[in-house]
Each structure stands twice: as structure tokens, then as C-alpha cells.
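1. quick check, what structure comes out for this input:
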Amino acid sequence: MWSLGQVFALQSLLMCSVYVIYFQSNVVTHLEPQQALMEHAPANRLVIFIVDGLSAKLFFENRCNNVQELRKIFEHQGQVGIIRTLGPTNCRSAKVALFSGFYARSLSAFDYWKWNDVIIDTLFKRATLSYAWGSEKFLEQLPVFNKVNAPYEIILSAALDSYKLDKWVFDAVNTFLESESTQLQNVSGQVLLLHLPGLLEADGRQMYRQNFNYTQRGIWRTYNNFEQTFPDQRTSYLLISDHGMTDMGLFGGNSKEEIETPFLLWGAGVSNTNSSSGRTFVANKEGKRLPLSILDQTQLAPLMSTLLGLSPPVNNRGQMPSALLNVSNRYESHAVFTNALQLVELAKHRLLPHERGVLASWMPRHWMDSKQLDKFVYSGNLLWQQKRHLTLKEYSSNIMPVLLQCIEYYENYYRRVLLLAATFSFLGWQHLLRCQQASSVQTSSRQLLLAKTLVHLIILLMIIFLLLQRVPWIICGFLLLPGCICRWALNAHERSAKISSCVPLLMSLCCITGFVDRRLMALCYLGFAFYQNRAVFLQRSLESFVWMMLVCALASLSLLPSSLGYHHRGSFIVSIILTFVQPIAFLGVNRPYRRNLLCNGLVMLLASIHVWFSARPRLLHLIARAYLCYVFYPRPLGHHSIEFAIYNLSTLYTLLCTSHEALILQLLTLELQLALQLKIKRANCITSNRTLALYILIYSFYSVFVIGNVADVDKFRMLMSFSEFGWYSGLMNVLIIALKLCVPLLLLICVICTKCETAWPNRRDIFYELATMCNGIAIVCLFRVRDSFYEIGVRIYPFILVQLLPFVLQLMMNLANLLVGDIKRQSLEIPKWNVHKY
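-> All right, here's what the predicted structure looks like:
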């Protein structure tokens with residue numbers, strides 16, 4: 001039988017296969033940049049205003065009445081439009097898209113690592129000089145030569161007046177212009193970035209609008225200051241936002257307000273067209289209509305590079321928009337051709353590894369091969385020499401979408417075959433786990449020998465093919481992994497007397513419905529609870545009626561809106577009161593409980609007062625961390641250890657809540673205790689490891705989905721951040737979320753281990769049953785994973801959760817034994833009434 005370490009190692013390897021399939025980095029290294037544009041650039045400097053959190057809705061609503069100062073600009077010059085990006089709008093992915101011209105892979109976009117200047121080519125790396133002012137969190141990831149971060153005292157004062165952050169940026173830029181303008185008059189290739197984070201810090205819709213009103217007036221004054229400082233008319237200006245915000249002040253999602261942001265481009269090199277036959281918008285109260293451009297976020301990188309006469313970043317996937325610039329046909333055609341040449345180099349780099357194999361001519365491929373790429377370069381150079389600039393511009397614009405398709409095709413070339421290999425790996429691992437649960441008896445047959453021979457032959461042929469085709473080593477490893485796992489599974493099958501049934505595995509697949517819809521998971525929970533205690537329907541006792549009402553009430557709670565990630569002060573205080581009162585109602589105030597009741601009562605009283613008088617309960621989480629030490633502090637285990645454990649864990653969970661989640665967990669715990677107690681009274685104790693594993697799995701899943709969805713976990717993290725808990729530490733964020741999700745599991749397992757005598761002695765067999773069921777769910781989750789910024793949270797997280805769940809539950813079982821000890825079955829005493837039995 002495999003050890004837990006071996007099982008964990010193979011599970012981790014299978015999780016890595018998903019990373020190789022969907023989330024390998026799309027950054028290409030060792031690419032040479034294209035030559036700079038030949039003609040004189042239209043602008044010496046580019047001033048970028050990044051208004052963090054500005055949505056297109058706020059900019060254009062009420063006929064642009066919210067941007068009265070900026071309207072003085074775009075009514076007479078420049079171009080206005082909307083930038084569409086992918087969701088969720090994470091800051092890291094937005095900065096990569098804006099200044100490098102491509103969308104980073106999803107897993108790379110969800111961290112806060114600093115940019116590697118050697119790997120990621122950006123607009124700032126090409127610029128002669130670059131300056132940036134703004135918040136430290138935003139600027140620390142930008143490879144800018146000169147950064148000026150907002151002081152800490154300004155950040156603190158922004159809690160009451162968020163506009164002070166933007167005011168500091170404007171003042172710092174004005175001071176800079178007064179002192180350094182003389183040295184910068186004749187320097188070309190300058191990038192000056194003003195990050196304005198005030199809108200993100202605004203508390204409430206009123207403060208948000210007041211802040212934006214100040215910000216747009218500050219941009220107008222700063223623009224005039226730049227024009228006075230640099231009167232050479234060679235300054236371009238760009239107003240953008242990395243993401244928008246909803247009316248509730250939320251960002252990071254996929255709503256229209258969050259993924260659509262405005263842009264305003266004006267100054268040197270920008271066309272001033274005031275009429276258009278395409279999209280338009282109403283610019284003022286008189287109903288004047290101006291042209292409206294729609295751009296992708298990646299298109300700004302080549303556009304900004306063209307204004308400064310620079311070549312686009314080497315990993316750029318953006319196509320330079322046309323009709324926005326006021327330059328000569330020669331200059332614009334050369335800029336578009338340079339953009340296309342950069343994409344050609346990127347396509348060649350993706351194509352080369354697939355053409356060097358011996359069997360390349362027999363493999364599937366895109367029609368745009370190396371010969372076609374060379375033909376395009378030759379034709380483009382010929383058109384340039386013939387000075388057919390308009391034809392070259394049109395030719396390059398038409399070929400760039402094809403080049404992007406070619407790049408994407410070869411980036412995902414091995415995805416389908418890797419997905420198939422991962423599926424066979426999971427199926428083989430699934431069979432191996434089922435064989436681990438069977439008794440060991442040496443058996444052999446001709447069919448088994450034939451299967452082993454076939455597996456060895458397939459592995460040999462795969463090795464020959466991979467060597468001839470010169471496939472990358474990491475892909476070779478995961479393509480050969482199914483053969484190795486199938487070989488181990490056949491060896492385990494040879495030593496197994498009888499393989500376990502597939503029925504529990506099929507039942508566990510019902511848990512996958514929770515990731516689709518909470519209400520479907522509620523139906524699965526309702527069916528499982530009634531089926532396991534179906535004999536209760538023949539009884540007429542108070543406990544049976546109470547249990548059935550609890551099951552129905554818990555199932556109906558999934559019809560309510562999610563409580564995870566939403567703050568409701570009244571529900572939270574009611575949950576605190578009920579958590580304190582519950583043990584008194586059921587168990588009284590006996591002497592063993594008095595000290596514990598006094599301690600928990602003081603903690604909950606302090607928490608209630610703090611929540612009632614504070615909109616942001618900053619100290620509540622400090623109380624929770626201190627109380628966590630009290631819960632797991634070693635103490636002698638007595639007869640009432642299970643009651644102590646349930647009460648303390650319920651109190652701890654309440655301190656981590658934001659609404660009525662604690663009340664739901666207490667009802668679920670009470671229902672599980674009653675269900676197991678009813679089985680004990682009928683002398684129908686659970687002895688099957690498979691049934692215990694199903695109980696643990698179903699109740700663990702429902703303890704999460706009854707309060708919310710997987711997507712609500714990020715909202716809970718944001719809510720903790722607004723309470724100034726875990727905002728500046730990724731580790732603290734992970735720990736608080738893990739504690740929030742694991743405390744209910746620990747509480748439920750404490751109940752199961754206490755009511756079922758066989759749970760703790762057979763914990764190893766239960767682990768293998770859980771691993772088998774969770775891997776069945778993982779196979780389904782594997783096909784739901786997609787490389788999408790919006791879907792990453794609801795696609796990859798379920799896969800990782802079900803892979804780690806068996807090990808987490810095994811850890812919870814050990815913690816439960818630590819809390820309740822080796823206590824025999826203890827019943828939950830509810831008030832006794834004389835009920836006539838028919």
C-alpha cells in the first residue's frame with residue numbers, strides 16, 4: 001500500500017499537468033526588437049494619466065457632464081473611445097497588456113511578483129527617459145527609471161479624503177516641471193506616467209464622484225502646465241484606466257462597468273477628426289456627436305510606441321489602430337509594417353520547434369509556415385522600396401490577424417494531446433487507488449500479461465516518437481506519465497483480490513454540481529441525508545421530526561443569496577448571540593462549562609460591541625487569532641470534550657464571519673449529530689469506511705456551498721482587505737481563507753469521529769476512499785478548466801480544491817482526535833417533552 005507521501009507526490013504531479021496544459025508562460029525570451037521608425041517621431045514625450053478605477057459609464061453618462069473640464073479638450077482636438085479588456089480586471093494583467101501589449105497567462109496575472117526587466121519587454125524599456133508618480137503598490141511592478149511613491153502620511157489621510165492622493169500626484173508633477181523642465185526640452189522618447197489612485201480609496205458613491213470631479217479638473221490644470229512648460233507642440237497625452245468599478249465600488253469581475261474603460265488621446269501626432277460615419281457619442285448638452293473608437297487593451301502598446309518613434313515590445317500581440325494618428329502615409333505605413341514584422345518574428349519563434357522534428361511534415365500544422373512568413377517579409381520590403389505606402393499599410397493590416405492565429409495555434413499545439421494524456425493518467429490513478437483498498441492476494445492471468453505487454457509497447461513507441469519529433473522535455477514527461485501510472489495500476493491489480501464497487505464513486509460525482517449551482521448541491525445533500533436515514537420516516541418521535549425539519553431548512557437555505565463575502569451587521573450580531581446561547585439552551589450552565597462559557601462570553605461581547613460601533617472591524621480579526629490559540633491550547637480531555645470542541649470551534653468560526661454563516665454552520669452540525677444519534681438508537685451504527693467517506697465528503701462540500709460559491713471566496717478576501725486584515729500580505733490572505741473553510745470541516749469531523757467508533761482506527765482506509773472519490777471529481781473538473789481571465793477562478797480552483805481535499809480532511813481528522821480524544825459515542829441532549837407514540 002502506498003504511503004501518504006507517495007500519494008501526495010503523485011497528486012501534485014497530476015496537478016502540475018494542468019499547469020502545463022493551460023497555464024505555461026506565453027512570454028518569449030531572446031527575441032531581438034525591431035528597428036526604430038526611420039522618420040522623425042511626431043512627439044518627443046508622452047504623458048500618461050492612469051485614473052485607477054474609472055469606468056466608461058462614469059465618463060460618458062449624462063452627455064459627458066462628469067468631465068466638463070476634459071470636454072474642453074475633446075470637443076476641439078483628440079480622439080475619444082472605449083478600451084475593452086478581459087475579465088477579471090486584475091491590476092497585474094492590465095499593466096502587462098497596457099505596456100507590453102499582450103495578456104499574460106491567468107496564473108501569472110493573479111500574483112504580485114515584480115516584473116523581470118530581462119524577460120518582459122515594455123514601453124519603458126525602449127524609452128530614453130521615464131518618470132512615474134503614484135502609489136507604491138502600482139509603481140513597484142513597473143520598470144520605470146525614476147519613480148516617486150506617495151508618502152505614507154498621504155495614504156493615511158486618503159481614508160477620509162481620497163482626493164488627497166491625486167492632489168499629491170499633481171503637486172509632485174508640478175514641482176518636477178519647475179525643477180527639471182530645462183534639461184528635458186530637447187530630449188526625445190520620454191514617458192511620464194501619472195498614476196491617480198484616489199477613486200480606489202473612495203468610501204461610498206458620493207466620495208467617488210467628488211474625487212473624480214477633482215481629478216478631471218487636476219488633469220486639465222496639469223495639461224495646461226505641460227503646454228506652458230514645453231511650448232514646442234511635441235507632447236502627446238493619453239488618459240486611460242487599467243480597470244473600471246461598479247456602482248458598489250467593486251472591481252476585479254467581468255461586468256461591463258469593470259471591463260470597459262474610457263480613453264482620451266490628444267496632442268502631437270493625434271488626428272482631430274470631428275465627424276465619422278461609424279460609432280459616435282453625445283459630447284455635450286447641445287447634442288453634439290463625436291466619433292467613438294473601440295480598442296482592445298493590447299492595442300495601446302504599439303500606439304504609444306508609434307507616437308514616440310519606437311518599435312513595439314517584442315511580445316506584443318496588439319495591432320496598431322488606424323485613423324487615430326495625424327502623420328504622413330510613409331510614417332504610418334512603416335509603423336504598421338514594423339508591427340507586422342514584430343509579429344512575424346514571434347510566429348517564427350513559435351513555429352521553429354515544430355519544424356525541426358524528423359516527422360514534422362506528417363504532423364498537423366497551420367497553413368502559415370516559414371515559407372509564407374518569408375514571402376510576406378519579402379513582399380513588404382518590396383512595397384516599401386516601391387514607395388507604395390498605402391498598399392503596404394493595407395497589406396500589413398490584413399496579415400496581422402493571420403499571424404496572431406498562427407501564434408495562438410502553436411502556443412496551444414500540444415494542448416489536446418496533453419489533455420488526453422492527463423485524462424488517462426487520472427483514470428489509471430483512479431484504478432490504482434481502488435486496488436489499494438482491496439485485500440492483497442497474488443493473482444495472474446493471460447489477459448493481465450497481455451495488458452502489461454501492450455502498455456510496455458506503447459511506452460516504447462511513444463519514446464521513439466518523442467525523440468524523433470524533438471518534443472520539449474516537460475511535455476515528454478507528461479505524455480509518458482499515463483503509461484507509467486497504468487503499469488503501476490496493473491501491478492496493483494495483480495495483487496488485489498476484489499476491486500471496490502464504482503457506486504460510491506458515481507455518488508461522489510454529485511458534488512461536482514456544487515461548482516455549477518448551489519441549489520443542485522442542496523438537492524444532492526437532501527437526497528443523501530434522507531436516503532441514509534430513510535428508516536426515520538417510519539418513526540414518530542420528537543428527534544426524528546426535528547431532524548427532518550433541520551434537513552429541509554438547510555436545503556432551502558441554498559435558495560437565499562450567498563452570505564460568504566457580504567457584510568450584514570445585524571445578521572452578524574444575531575449569529576454571535578445565538579452562538580453564545582446555544583450551549584446554555586442544550587447543556588445548561590453546569591460547573592464544567594462555567595469557565596469556558598465565561599471566556600467565550602467575554603470574547604463574543606467584545607466582538608459584538610466592536611462590530612456595532614465600527615464600520616470596519618479591524619480588531620475583530622486580532623481577537624480571532626488570539627482565540628485560535630486558546631482553542632488549540634493543550635488541555636486535559638474529559639467527558640465533555642466533544643461539547644467543548646464544538647462550542648469553541650463554533651465561536652472561532654463566528655469571529656471569522658461577516659453575516660449569518662455561523663448560524664448555518666451550527667444548524668448543519670446539529671443536523672449531523674441528530675442523524676448519527678438516530679442511527680445509534682436503531683443499532684444501525686456506520687461501520688463501512690465507504691459510507692463514512694461519503695458522509696465526510698458530502699457534508700464537507702455542503703458546508704461550503706450552503707453559504708456561497710467558489711467565486712465568493714475572492715469577495716470574502718476583499719472584504720477582509722477593507723477591514724485592513726491581510727491586504728498587504730498574500731500569506732495572511734491565504735491563511736484567513738484556509739481557516740474560514742477548514743473550521744467547518746474540523747467541526748463536522750469532530751462530530752463524525754465521536755459518533756462513529758470506527759472512524760479514527762480506519763482513518764487510512766477512509767483516506768483512500770476519499771482520494772478515490774475526489775479524483776473522480778477531478779477528472780470532470782479537468783475538462784472544465786479554461787485559460788480565461790474570468791473563468792480561472794471558477795475553473796482551476798475547483799480542480800485544486802478536490803485534489804487537496806483528501807489530505808486536508810486527513811489533517812482535520814488528526815486535529816479532531818487532538819481535540820476530542822479517544823472518547824466513545826456521546827449523544828447530543830435536546831430538551832425532553834412527553835410525546836405520545838402511536
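2. and the helix or strand where Tyr525 lies, how far out from the chain's middle?
-> Using DSSP states H and E, Tyr525 falls within helix 518-532. Chain-centre distance of helix 518-532: 29 Å, with CA atoms, centre = their mean, to the nearest Å.
3. give me the contact list for that helix.
-> Residues outside helix 518-532 that contact it (CB atoms under 8 Å, 6 or more residues apart in numbering): 507, 510-511, 513-514, 537, 551-552, 554-559, 562, 671, 675, 691, 694-695, 698-699, 701-702, 705-706, 708-709. Placement of C-beta: from N, CA and C, glycine included.
4. tell me which residues of it come out buried.
-> If you call a residue buried by 16 or more other CB atoms under 10 Å, then helix 518-532 has these buried ones: Arg518, Leu520, Met521, Ala522, Cys524, Tyr525, Leu526, Phe528, Ala529, Gln532.
5. what average pLDDT does the helix or strand just after it get?
-> On the C-terminal side of helix 518-532, the closest following helix or strand by DSSP H and E is helix 542-556. Helix 542-556 carries an average pLDDT of 89.
6. mind listing the helices for the stretch 601-750 of the chain?
-> Along the stretch 601-750 of the chain, counting by DSSP state H, counting those that start in this stretch, helices occupy 618-631, 641-655, 661-681, 689-705, 712-722, 730-755.
7. just the buried ones from the contacts of helix 518-532, in ChimeraX syntax?
-> In ChimeraX, a selection of the buried entries from the contacts of helix 518-532 looks like this (16+ other CB under 10 Å):
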select :507,510,511,513,514,551,554,555,557,558,562,671,675,694,695,698,699,701,702,705,706,708,709
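8. where does the stretch 201-350 of the chain have low pLDDT?
-> Scanning the stretch 201-350 of the chain for pLDDT under 70 picks out the ranges 204, 247-250, 252-253, 274-277.
9. one more: the stretch 501-650 of the chain?
-> 501-505, 583-593, 614-622, 625, 633-642.
10. same thing but at 90, please
-> For the stretch 501-650 of the chain, applying pLDDT under 90 flags the ranges 501-522, 524, 531-546, 557-650.
11. thinking again about what came up before, the helix holding Tyr525 vs helix 542-556, what angle?
-> If you take axes from the mean of the first three to the mean of the last three CA atoms, to 10 degrees, helix 518-532 sits at 160 degrees to helix 542-556.
12. just want the angle from helix 518-532 to helix 661-681.
-> Computed with the same axes, to 10 degrees, the direction of helix 518-532 lies at 20 degrees from that of helix 661-681.
13. so can I have JSON lines of the buried residues of helix 518-532 showing distance to Leu264?
-> Shown next, in JSON lines, are the buried residues of helix 518-532 (distance: CB to CB, whole Å):
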{"residue": "Arg518", "distance to Leu264": "43"}
{"residue": "Leu520", "distance to Leu264": "46"}
{"residue": "Met521", "distance to Leu264": "47"}
{"residue": "Ala522", "distance to Leu264": "49"}
{"residue": "Cys524", "distance to Leu264": "52"}
{"residue": "Tyr525", "distance to Leu264": "53"}
{"residue": "Leu526", "distance to Leu264": "55"}
{"residue": "Phe528", "distance to Leu264": "57"}
{"residue": "Ala529", "distance to Leu264": "59"}
{"residue": "Gln532", "distance to Leu264": "63"}
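14. among these, which one sits closest to Ala335?
-> Of all these, Ala335 sits closest to Arg518, with 51.5 Å by CB to CB.
15. ok, the closest one to Leu509 distance?
-> From Arg518 across to Leu509, the span is 17 Å (CB to CB, to the nearest Å).
16. likewise Val282?
-> 53 Å.
17. the longest helix in the protein is where?
-> Looking across the chain with DSSP state H, the single longest helix is helix 792-820.
18. list the buried ones in that helix?
-> Counting neighbours by 16+ other CB under 10 Å, helix 792-820 gives 792-799, 801-803, 805-810, 812-813, 815-817, 819-820 as buried.
19. can you give me the helices in the stretch 251-400 of the chain?
-> Counting by DSSP H, counting those that start in this stretch, the stretch 251-400 of the chain has helices at residues 256-259, 300-307, 329-355, 370-385, 389-411.
20. quick one: which of the ones you listed is nearest Leu449?
-> With CB to CB as the yardstick, what comes closest out of those is helix 329-355 (38.2 Å).
21. who are the packing partners of the closest one?
-> Under the contact definition 3 or more CB pairs under 8 Å, 6 or more residues apart in numbering; DSSP states H and E, helix 329-355 sits against helix 300-307, helix 370-385, helix 389-411.
22. return the most buried member of the ones you listed.
-> Of the helices and strands packed on helix 329-355, the one with the most neighbours on average (mean count of other CB atoms under 10 Å) is helix 300-307, at a mean of 26.
23. contacts for that one, please.
-> Taking CB under 8 Å, 6+ apart as the rule, helix 300-307 contacts 37, 41-43, 46, 48, 83, 97-101, 123, 126, 191, 236, 238, 240, 263, 265, 268-270, 311-313, 316, 318-321, 324-325, 332, 335, 339.
24. okay, the angle between it and helix 329-355?
-> Using the same axes, to 10 degrees: helix 300-307 against helix 329-355 is 140 degrees.
25. chain center to helix 300-307, what's the gap?
-> Distance, stretch centre to chain centre, for helix 300-307: 29 Å (CA atoms, centre = their mean).
26. where does pLDDT dip in the stretch 651-800 of the chain?
-> 651-667, 669-670, 673-694, 701, 703-744, 746-800.
27. could you rerun that using 50?
-> Applying pLDDT under 50 to the stretch 651-800 of the chain picks out residues 722-728, 790.
28. what does the stretch 351-500 of the chain give?
-> For the stretch 351-500 of the chain (pLDDT under 50), the answer is none.
29. how close does Ala347 get to Thr669?
-> 58 Å.
30. what about these two, which has more around it?
-> A side-by-side neighbour count of Ala347 and Thr669, using other CB atoms under 10 Å, places Ala347 first with 26 against 23.
31. quick check: the nearest residue to Asn272 once chain neighbours are set aside vs Met813, distance?
-> Nearest residue to Asn272, sequence neighbours excluded (CB to CB, 6 or more residues apart in numbering): Gln77, at 4.8 Å. As judged by CB to CB, Gln77 and Met813 stand 69 Å apart.
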